[in-house]
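1. Let me see the structure of the following:
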Amino acid sequence: MMKKSVAAIALAVLAVFAVPAAANAAGYVPEGNITVTDATPAPGETVTVGFADASFTPGESVSFTLTGENAAGATLATIKAVVNSTSITKTAATDGAVSVAVTLPANATGSYALSGTGLTSGSVGTATLTAVAADAGTAAATGGLASTGYDAPMLAIWAAAGALLLGVALMVALTVVRRQRANA
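-> Sure, this is the predicted structure:
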């Protein structure tokens, strides 16, 4: 009985230490190592996605894949896509850095995911590009909704509503006083 308990405890300890190692087997490029010249490009615009030094193994081949709606018209560096995702392979520099130019299609809408995978190291880095319509105006630049109404301060609106209610109350009071004098 004691042997089974010791074996069960040993397996539990091994599982605690082995599972995190398996989960971390694939390397992930930290978000801080990925730079995008413009994360909200207009349709048809070209942006550069760069992966900093030591993101990949020096000199390794890195496969880039762009996925998103209408990605068939997208261009990665110099290869035109044929389907809703497109790929290109580039070689990392001697310091492990690599970059790719992404030209979104003219009818681009929504979000596009660009992933770079080191074919030797297995390191994976991802960047998201969100296509912004050319007629989105200043709302796209500020990240908010377009202004469609009157931009008066709330205090002015409440003051005007209060003055209107005070005027109505004054009219009612004068009418009541006038009727009481007429009936007296």
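
2. Give the burial count for residue 169, as a bare number.
-> Counted by other Cβ atoms under 10 Å, the residues lying close to residue 169 total 10. (Glycine included, C-beta is placed from N, CA and C.)

3. ok, now how distant is it from residue 98?
-> With distances taken as Cβ to Cβ, to the nearest Å, residue 169 is found 73 Å from residue 98.

4. cool, residue 43 as well?
-> Taking Cβ to Cβ, one finds residue 43 at 26 Å from residue 98.

5. same question, residue 88
-> The value you get for residue 88 to residue 98, if Cβ to Cβ is used, is 11 Å.

6. These two - which one has more neighbours?
-> More crowded of residue 88 and residue 98, by other Cβ under 10 Å: residue 98, with 22 against 18.

7. What's the end-to-end length of stretch 45-59?
-> 29 Å (Cα to Cα, to the nearest Å).

8. swap in stretch 106-121?
-> Stretch 106-121: ends 35 Å apart by Cα to Cα.

9. Give me the residues contacting it.
-> Contact with stretch 106-121 is made by 27, 29, 41, 43-44, 49, 51, 55-57, 60-71, 73-74, 89, 92, 98, 100, 102, 104, 123-131, 133, as judged by Cβ atoms under 8 Å, 6 or more residues apart in numbering.

10. isn't residue 62 right next to residue 88, touching?
-> No: counting by Cβ atoms under 8 Å, residue 62 sits too far from residue 88 to count as a contact (9.3 Å).

11. Next up, identify which helix or strand residue 44 is on.
-> Secondary structure assignment for residue 44, by DSSP states H and E: no helix or strand.

12. ok, now how distant is the spatially closest residue to it that is not a sequence neighbour from residue 153?
-> Leaving out its chain neighbours, the residue that sits closest to residue 44 by Cβ to Cβ, 6 or more residues apart in numbering is residue 106, at 4.5 Å. Separation of residue 106 from residue 153 (Cβ to Cβ): 42 Å.
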